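*Asks:* With the sequence up front, the predicted model follows.
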Amino acid sequence: MLTFPRWKYFVILAVLVLSALYALPNLYQKDPSVQITGTGDAVVDDALRGRVQQTLQSARITPRAIEREDKSLLVRLNDPQVQTRAADLLRPLEADGYQVALSLASTVPDWLDAIGAKPMPLGLDLQGGVHFAMQIDQRAALNKRLDAYVEDIRAQLRDGGVPFGSVERDASNNLRVTLQSANDAGRAGKLLQQAYPSFVQQREGQQLTLAIPQAELNRFAQEAVEQNLTTLRNRVNSLGVAEPVVQRQGTDRIVIELPGLQDTAEAKRRIGAAATLEFRAVVGDENEAAAAVRDRSVPAGAKIYYTQNKQPLLLSRRVLVSGDQLVDARPEIDQTTGQPSVSIVLNSAGGKRMFDHTAENVGKRMATVYVEQVPITQMVDGKEVKSFRTEERVISAPTIQGVFGKNFQTTGLSQEEADSLAKQLKSGALAAPMQFVEERVIGPSLGADNVERGTRAVLYSFVFALAFFLVYYRMFGVITCLALLLNLLMVIAILSLPFIGATMSLPGFAGLALTVGMSVDANVLINERIREELRLGVPPQSAIAIGYDRASGTIFDANMTAMLAGIALLAFGTGPLKGFALTLIVGILTSVFTAVTVSRAMATLMYGGRRKPKSISI
C-alpha cells in the first residue's frame, strides 16, 4: 500500500518555507558605497553630511542615498566606477580625522535581517573585494628593538651588580654604556658578551660601546615584517572575513585582500591600529611635574606625560611592561567601581618584572599609558603625504596597594576603548607602525562575469536534467524536477546561514552543479526500480512503494561514500577545496532528503490513498 505519514508533509512544507526565506536574501544585490567614519575628535553630524553632499554635487555625482549609521556616514552609489570616483573626491576628509573607505552596503530588508537571513558571502573570484597594501616603518621597528636592548642591558648590569651611569644608543645604532668606574669595564664586558655574543665590543675608559653587526640589523627588519604579518593575520581573522589573503610583498609591504567586506572603514581601523599599553613608574607628583613644565627642566631619566584631564605627570623613561609582553586581554567591568576595564595577562618575563617592581614599590604610584599611532594625511605641493602622529596619555596612575604579577586589571578607558584595546592586545602588538599606501576594489567586472557564468552553468545543468526527465520519465520526471528545485533551494539556504560560514566561489558553483547530477542519479535509481517492478507485473501502487523502499538503501550507501570524500577534502583541503567540499557535503545531504522523502511524498499525493491506478506515467 502506497502511504505517507501526514506529519512528514508538514515537515516538508516547513523545510520549503524556511528554505525560501533564507535563500531569498541572495536575490538582493549590494550597493557600492563609500563609508566615512570619524576617529578621535572627528564628529559625524549633519554638517559633515552637507559637506559630503556638496562635494559630490559639484562633481555631478548623484548618490542613491546618504545615511548615518552610528559613528559613520554611508554614501550609497549606483556602480563601482562612480564609487571609486566619489572615494577619491572625499579622500581629503582624512586630513580632518575621518577615515574614507570603499564599502558594499546591504540592501536586504530589515524583516529578513531580523530573522537572521543574510546573503551568502561571495569569494574574491566572484564578487571581488578590497585590496590593501600596507607599508611598514622599518626605522621605527629598529628604534623599538634598540630601545628594548637598552632596557635589557640596564637589567643585565643591575642583576650582575655592576654600577653604571647611563645606557644610551647613538645615531649609528651603537649602544653606549657609561660605567661609574673604569675598573668595572672588564666585568661588564664579560657579562654583556655572554648575553649578546654577536655584538662587537669596544672599551675606552669608563665607556663600553656595543656595535650591532649589519646582519643583525637586517634580521631585526625581517623579524618586524614577520611579526606584523602574524599580527595582521590575527586581526583579519577577528573580522570574520571568509577566505582572506594576507601575504608579504617585497621587503617592507604586506598585502591584504578581503572578499566582499561591507564595513571596510572598520577593517582599516582594526587592521592598522597601533594602540597599546605601557606601564611606567611615576617619579614625581603633580606639583613637581607642573614645575618641570614651567621651568622646562625635566629630571634625567624622566619624561612629561599628560593625563586625560590635560594635567602633566612625570614618568620614568624606562618601560616596565609593554604591549608585546601581553598574553591575553579581555574587556570587563570593574566590580568595585563599575567602570570599564581591561583584564590583562602577561607572559612570564613581563609578570616577573611587574612582580619585582610592585614588591619594591608598595605605596608608590605606577601609571598606565595609552599609546596610539594615529595616521594623518597632509597635502604637500598638491600631493597626499601620509605619516603617523604618536598620541600618549596617562589613563590611570594609582598607588600600588599590594604585590601582583602577571594578572591584573587596568581602568580609565571608555567602554568602546576597552573593547577595541582588548581586541588589539589579544591579536598581538605590531612590531612597527604601518600605513595604508594603496586601497582598491578587486575585479568587480570579473566577479560579475564569473557569477553570471557560474549561474548559467548550474542553470543549464538543471535544464538539461529537466528536459531528460520530462521526456524519459514523463510524470515522474516532473516529480524529479520539483525535487531537484527544492534541493537547490535548500543548498543555497543552508549555505547562507551565518553559523555555517560558507563562501560561494567558482569551486562552490562546481560543487552545486555536481549536486544536481548526484541528485539526478538518485532519482534514476528510484524510477528504474519502479519500472522493474512494473515489468514483473506488480500493481502500480505497490511498485512505487517497493521501488522507493529498495532503492533507498542503495542511494544512502552511494551518497555516504561520496560524503566521506567530501569530509576528507573539508578536513585536509585549503582555500577553494574547502568551498567545493562544503557545497558537496550539504548537497549530498539535501539530495538524499529530496530524492527519498520529498519525491515519495509527491508520488503518494498523485497515486496513493484510495486511488487504484491501472497504470502510471513513467
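*Replies:* Nice, I can see it. Every value quoted in this text rests on a predicted model; they were computed, and no experiment measured them. Residues are numbered from 1 along each chain as shown.
*Asks:* Quick check: most distant residue from the centroid of the protein.
*Replies:* Within the chain, the residue lying farthest from the chain centre (C-alpha atoms, centre = their mean) is residue 537, at 63.3 Å.
*Asks:* Just confirm it is within a helix.
*Replies:* No. Counting by DSSP: H, G, I helix; E, B strand; the rest coil, residue 537 is not part of a helix but coil.
*Asks:* which residues touch it?
*Replies:* For residue 537, no contacting residues are found, by C-beta atoms under 8 Å, 6 or more residues apart in numbering. For every residue, glycine as well, the C-beta is placed using N, CA and C.
*Asks:* so where does the closest residue to residue 77 other than its chain neighbours fall, helix or strand?
*Replies:* Of all residues not flanking residue 77 in the chain, residue 83 sits nearest, at 4.8 Å (C-beta to C-beta, 6 or more residues apart in numbering). Per DSSP states H and E, residue 83 falls inside helix 80-90.
*Asks:* So which elements touch the helix or strand just after that helix?
*Replies:* Note on helix 80-90: by DSSP H and E, the next helix or strand toward the C-terminus is strand 98-105. Judged by 3 or more C-beta pairs under 8 Å, 6 or more residues apart in numbering; DSSP states H and E, strand 98-105 is in contact with strand 31-38, strand 72-76, helix 80-90, helix 264-272, strand 434-442.
*Asks:* Of these, which shows the lowest average pLDDT?
*Replies:* Lowest mean pLDDT of the helices and strands packed on strand 98-105: helix 264-272, a mean of 68.
*Asks:* Tell me which strands the very next helix or strand once past that one pairs with, and in which orientation.
*Replies:* Next helix or strand after helix 264-272 toward the C-terminus (DSSP H and E): strand 276-282. Here strand 276-282 is paired, per DSSP bridges, with strand 312-322 (antiparallel), strand 366-380 (antiparallel).
*Asks:* what comes up buried for strand 276-282?
*Replies:* By neighbour count on 16 or more other C-beta atoms under 10 Å, the buried set for strand 276-282 is 276, 277, 278, 279, 280, 281, 282.
*Asks:* Also stretch 329-340?
*Replies:* Of the residues in stretch 329-340, 329, 330, 331, 340 count as buried by neighbour count, 16+ other C-beta under 10 Å.
*Asks:* In strands, which of those fall?
*Replies:* 329, 330, 331, 340 (DSSP state E).
*Asks:* Can you give me the neighbour number for residue 611?
*Replies:* 10 (other C-beta atoms under 10 Å).
*Asks:* isn't there a strand covering it?
*Replies:* No. Using three-state DSSP, the assignment for residue 611 is coil, not a strand.
*Asks:* give the contact list for it.
*Replies:* By C-beta under 8 Å, 6+ apart, the contact set of residue 611 is residue 541.
*Asks:* Pull up the per-residue confidence for it.
*Replies:* pLDDT for residue 611: 70.
*Asks:* and if you look at residue 285?
*Replies:* pLDDT for residue 285: 81.
*Asks:* Now for it, how many residues are close by?
*Replies:* Neighbour number of residue 285 under other C-beta under 10 Å is 12.
*Asks:* Look up how far residue 399 lies from it.
*Replies:* Noted for residue 285: a distance of 11 Å to residue 399, by C-beta to C-beta, to the nearest Å.
*Asks:* Flag the shaky bits of the stretch 201-350 of the chain, pLDDT-wise.
*Replies:* Scanning the stretch 201-350 of the chain with the threshold set as pLDDT under 70 gives 238-243, 260-267, 269-270, 272-275, 324.
*Asks:* so where do the helices sit in it?
*Replies:* Shown for the stretch 201-350 of the chain, the helices assigned by DSSP state H, counting those that start in this stretch span residues 214-239, 264-272, 286-295, 348-360.
*Asks:* want to throw those helices into CSV with mean neighbour count?
*Replies:* As requested, these are exported to CSV (neighbours: other C-beta atoms under 10 Å):
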stretch, mean neighbour count
helix 214-239, 16
helix 264-272, 21
helix 286-295, 14
helix 348-360, 16
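*Asks:* Out of the ones you listed, which is closest to residue 584?
*Replies:* Ranking the helices of the stretch 201-350 of the chain by proximity to residue 584 (C-beta to C-beta) places helix 214-239 first, at 25.0 Å.
*Asks:* what sits against residue 22?
*Replies:* 117, 493, 494, 496, 497.
*Asks:* Which members of those occur in helices, if any?
*Replies:* The members of the contacts of residue 22 that map onto helices under DSSP state H are 493, 494, 496.
*Asks:* I'd like the residues you listed as JSON lines, with distance to residue 55 appended.
*Replies:* Output for the ones in helices among the contacts of residue 22, formatted as JSON lines (distance: C-beta to C-beta, whole Å):
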{"residue": "493", "distance to residue 55": "42"}
{"residue": "494", "distance to residue 55": "44"}
{"residue": "496", "distance to residue 55": "37"}
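*Asks:* Name the nearest of these relative to residue 528.
*Replies:* Using C-beta to C-beta, residue 494 comes nearest to residue 528 of the ones in helices among the contacts of residue 22, at 29.0 Å.
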